[in-house]
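Novice: return atomic coordinates for the entry below.
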Amino acid sequence: MEFWEALADYAVEQKACRSRLRGPSNSGWTRLDYEDRSLYLPGKSGASVSVTAEDSRWLDLRYAVSDLVATFPGTEEAVNRYGPDTGPFSGEAYPTIYERRKTAFDGAIVLVDQDVLREKILLEYKTAKSTKGYAIDGNAHERLSFQILQYLEVATRYSACSFAIIVNGAFTKYRNKYHVSFRVQADRLRVFRWFDMEYLATVSEYSRLVDGLCGWLFAGRARKEV
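Specialist: Predicted coordinates:
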């Protein structure tokens, strides 16, 4: 959170107007306004002012599996193709296996220009350590592969939606399979025209994200080079 607060403080120094808002599920947000553009960043919880209904849809971080399945391949199609032959979730009962289940992301950044959504950036934070000072501990980060696939489904709900994985320096300091594998996955998945993933592990990569956001907010430039 300190990272986003520092970015917001810098933007205010550059004459952006800051508002603290309460989003869906009481999530905290900071909105930075400059001319006709608004940049929403993860913010501190506890704000008293709620976002508008339209903004709430843009700022959603939790997605019901039933809604995603209804969009593709469709609930009936899922029952016919995926449902087990036997057991408590067979046949028409299949949708109850994922009833009230949700996919949640750690955060998001939202870019709005003249009240039109220009981009939503879903965020996942990953930290690691190395007890022995040689290789990253454990396999907990393999869950991220599932989140990448879920991002593919969620992204279809927006006119432009990308995915940013923000990790700590351990991923480039110690031996591990994740730094290269996540990038390989990203290259493979670019066959989907809407797929757009960033992997941020170093100071220069963090700086590139900040520069892109500030360039868009204050000058209306494209956030990333084509």
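Novice: biggest strand in this protein by residues?
Specialist: In the chain, ranked by residue count with DSSP state E as the criterion, the top strand is strand 116-126.
Novice: residues of that one that come out buried?
Specialist: 117-124, 126 (16 or more other Cβ atoms under 10 Å). In this view, the C-beta of every residue, glycine as well, is placed from N, C-alpha and C.
Novice: so residue 155 touches residue 194, yeah?
Specialist: Yes: with the criterion set as Cβ atoms under 8 Å, residue 155 and residue 194 qualify as a contacting pair; they are 5.3 Å apart.
Novice: any common contacting residues for those two?
Specialist: Common contacts of residue 155 and residue 194, defined by Cβ atoms under 8 Å, 6 or more residues apart in numbering, comprise residue 161.
Novice: those two: which has the busier surroundings?
Specialist: Higher neighbour count among residue 155 and residue 194: residue 155, with 18 against 14, using other Cβ atoms under 10 Å.
Novice: quick check: closest non-adjacent residue to the more buried one.
Specialist: Spatial nearest neighbour of residue 155, chain neighbours left out: residue 161 (3.9 Å); criterion: Cβ to Cβ, 6 or more residues apart in numbering.
Novice: contacts only, for that neighbour.
Specialist: 119-122, 151, 154-155, 194, 196.
Novice: hey, what's it bridged with?
Specialist: Partner residues in beta bridges with residue 161: residue 120, with DSSP bridges as the criterion.
Novice: now swap in the one 5 residues further on and tell me
Specialist: For residue 166, the beta-bridge partners are residue 125, residue 200 (DSSP bridges).
Novice: now residue 194, what's its secondary structure?
Specialist: coil (DSSP: H, G, I helix; E, B strand; the rest coil).
Novice: cool, and residue 41?
Specialist: Going by three-state DSSP, the secondary structure assigned to residue 41 is strand.
Novice: and it, how many neighbours?
Specialist: Neighbour count of residue 41, defined by other Cβ under 10 Å: 22.
Novice: can you check the one 10 residues further on too?
Specialist: By the other Cβ under 10 Å criterion, the neighbourhood of residue 51 contains 20 residues.
Novice: show me where pLDDT drops low in the chain?
Specialist: When the per-residue scores of the chain are filtered using pLDDT under 70, the ranges that remain are 139-141, 226.
Novice: how about the helices in it?
Specialist: The residue ranges that make up the helices of the chain, judged by DSSP state H, are 2-13, 53-58, 65-71, 75-82, 143-155, 170-173, 178-189, 203-219.
Novice: coming back round to it: now the buried residues of strand 116-126 as a markdown table including distance to residue 8?
Specialist: Output for these, formatted as a markdown table (distance: Cβ to Cβ, whole Å):
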| residue | distance to residue 8 |
| --- | --- |
| 117 | 20 |
| 118 | 19 |
| 119 | 18 |
| 120 | 18 |
| 121 | 16 |
| 122 | 19 |
| 123 | 15 |
| 124 | 21 |
| 126 | 23 |
